[in-house]
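*Asks:* Take a look and give me a structure for this.
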Amino acid sequence: MTKEEEQGKEHLKNNPIILITGANGLVGSRFCELAVPDYKSLFSTDIEDFNINNKEAIKRWVKKEKPEVLINFAALTDVNEIEKERPEGEKSKAFVVNAVGPRNLAEVCRENKIFLIHISTDFVFPGIVSNIGPYSEDAQTAQGSEEISWYGWTKLMGEKAIQEIGGDFAIVRISYPFRASFEKLDFARSILHRYDKGEFYPMFTDQSITPTFIDELAEVLKKISEDRISGIHHVASKELTTPFAFASHLIYKFRNEREVVKTGLMSEYCKNHPGVAPRPQYGGLETLKTQERLKMRFMSWAEAIDELYLQNSGLRISF
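*Replies:* Okay, here's the model as predicted:
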């Protein structure tokens, strides 16, 4: 192989043709913003023009764009609203989008030798006293729908479908994602929004979480795409925190206020709000194996907040 051919092969490796689903969402849109300068062939779509529940539509997109990598951000994520669909079972809208859709993508990707990257969630784990996190990449997930929210179950069934179909794929689990300005509020900006409106509520001190900074996730997805790193990956802050500690540092950083966050207990909240969808209380994602596999160092949750602050130059985040 000549030097020019080797350079061409390396260029193709580092500039894969990528097809994106759910590109207008909170997570997918930020990946596209950060990836566009690096990838010349990045095709972003959303549910209006790419329905992952229509297998023929998937085939048409694949035939048209000929992607080497397909990243699936498409999902329904309103946890409390999705919980209302539980009685509908596999006929529920969330199940169709979050479980059947990924199966369709996996089948088409396997048939066309496309590397599939699927975005999942820490809600596939129960996070209860008898089965606490943080969970490693190969930890056992919930064994029944009654252990987790209906949202978590539909996402878990999406994971299972991809694994059953096989092919070349990566499953990337994230947790409580946040980013700089976007039309939809996320974990961090909803806290600031409520604080500014005087509607701030007590934050849990008895819940363990590992929030995901979406900018860091974007770098991980670029790495996985370029090097075709298959398997299950966890992308989240490298250490546990609580909603109370997270909110306290966030408000101090952005509003220069200390000791204004009131404490609350998730256990008490759940007792008083029986209709709310269950969430992992003792959850969180371990990321050590993913960091080692990708040769990357993930930020702590406090470092991610600091980076978020620098991006906004201390100004109010737009909502």
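*Asks:* the strands in the stretch 201-319 of the chain, which residues?
*Replies:* Ranges of strands within the stretch 201-319 of the chain are 203-204, 212-213, 231-234, 263-264, based on DSSP state E, counting those that start in this stretch.
*Asks:* which one of those strands lies closest to residue 65?
*Replies:* Shortest distance between residue 65 and the strands of the stretch 201-319 of the chain, using CB to CB, is found for strand 231-234: 24.6 Å. For the C-beta atoms, the positions are set from N, CA and C on the backbone; glycine is no exception.
*Asks:* Can I get stretch 63-79 as CSV, trimmed to CA atoms?
*Replies:* The C-alpha coordinates for stretch 63-79 follow below in CSV (Å, rounded to 0.1, in the frame of the first residue of the first chain):
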residue,chain,number,x,y,z
LYS,A,63,-29.6,3.3,0.6
LYS,A,64,-29.6,7.1,0.1
GLU,A,65,-26.8,8.1,2.5
LYS,A,66,-24.7,4.9,2.7
PRO,A,67,-23.6,5.5,6.3
GLU,A,68,-20.8,3.6,7.9
VAL,A,69,-22.1,4.6,11.4
LEU,A,70,-25.6,5.2,12.6
ILE,A,71,-26.2,6.9,16.0
ASN,A,72,-29.7,6.5,17.5
PHE,A,73,-30.7,9.4,19.7
ALA,A,74,-34.4,9.0,19.0
ALA,A,75,-36.4,8.1,22.1
LEU,A,76,-39.4,9.1,24.2
THR,A,77,-38.0,10.3,27.6
ASP,A,78,-40.8,11.9,29.6
VAL,A,79,-40.6,9.5,32.5
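*Asks:* Output the below-cut-off pLDDT ranges for the stretch 51-200 of the chain.
*Replies:* Applying pLDDT under 70 to the stretch 51-200 of the chain flags no residue at all.
*Asks:* quick one, strands of it?
*Replies:* According to DSSP E, counting those that start in this stretch, the stretch 51-200 of the chain carries its strands in the segments 69-72, 115-121, 169-174, 177-178.
*Asks:* Of these, flag the one that's most buried.
*Replies:* Among the strands of the stretch 51-200 of the chain, ranked by average contacts under mean count of other CB atoms under 10 Å, first place goes to strand 69-72 (a mean of 27).
*Asks:* ok, that strand: who's next to it in the sheet?
*Replies:* Here strand 69-72 is paired, per DSSP bridges, with strand 18-21 (parallel), strand 115-121 (parallel).
*Asks:* Run a quick check on residue 209 versus residue 243, I expect a contact.
*Replies:* Yes: using CB atoms under 8 Å, residue 209 is in contact with residue 243, at 6.6 Å.
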